[in-house]
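Colleague: Have a look; sequence and predicted model below, questions after that.
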Amino acid sequence: FESQNLSNMLWAFVKVDAKNSRLFQETGGVISGMDLDSFKPQAIANILWSFAKSSEVDPELFQALGNHIVARGLNDFWPQDVSIIVWAFATAGVSHPILFNKIGDHVAGSGSFSFESQDLSNTSWAFATAGV
């Protein structure tokens with residue numbers, strides 16, 4: 001499987017409101033066992049968004065992807081990717097303080113001027129909701 005294919009599949013299931021817990025459970029396990037270095041930032045963001053939006057939260061997957069993002073760094077993540085990632089964690093109710101600290105430092109260091117107003121608003125909401 002390729003990360004883009006997995007993220008597109010999960011996104012499509014959520015968009016048509018197709019409930020399939022087994023699909024999300026199985027896919028979460030597959031993703032957790034994959035080489036996350038091959039994942040593009042948008043695929044990571046879309047996967048997290050899909051799990052959060054579907055209410056099929058997989059805390060282990062969220063932790064694995066969060067740890068990967070922390071280790072990888074955020075230099076190749078677009079502001080929209082960042083806002084989707086923190087939105088997904090906050091919506092899913094999954095705590096990852098190290099990730100939120102890294103993203104907070106990134107946003108402050110890059111200057112919020114690089115964020116569209118919607119991305120900055122979503123990021124702010126996620127931080128407030130997560131209690132960070």
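Modeller: Right, received. Where do you want to start? Residues are numbered from 1 along each chain as shown.
Colleague: Can you tell me which helices and strands the helix or strand residue 31 falls within packs against?
Modeller: Element membership for residue 31 (DSSP states H and E) is helix 21-32. Here helix 21-32 is seen to pack against helix 3-15, helix 41-54, helix 59-72 when contacts are counted using 3 or more CB pairs under 8 Å, 6 or more residues apart in numbering; DSSP states H and E. C-beta coordinates here come from the backbone N, C-alpha and C atoms, glycine included.
Colleague: per-residue confidence for residue 110?
Modeller: Reported pLDDT at residue 110 in the predicted model: 68.
Colleague: Please apply the same query to the one 10 residues further on.
Modeller: The per-residue pLDDT reported for residue 120 equals 85.
Colleague: tell me, what residue is most central in the chain?
Modeller: residue 85 (3.1 Å; CA atoms, centre = their mean).
Colleague: contacting residues for the nearest residue to that residue once chain neighbours are set aside?
Modeller: Among residues not flanking residue 85 along the chain, residue 45 sits closest, at 5.3 Å (CB to CB, 6 or more residues apart in numbering). For residue 45, the contact set (CB atoms under 8 Å, 6 or more residues apart in numbering) comprises 77, 80, 81, 82, 84, 85, 88.
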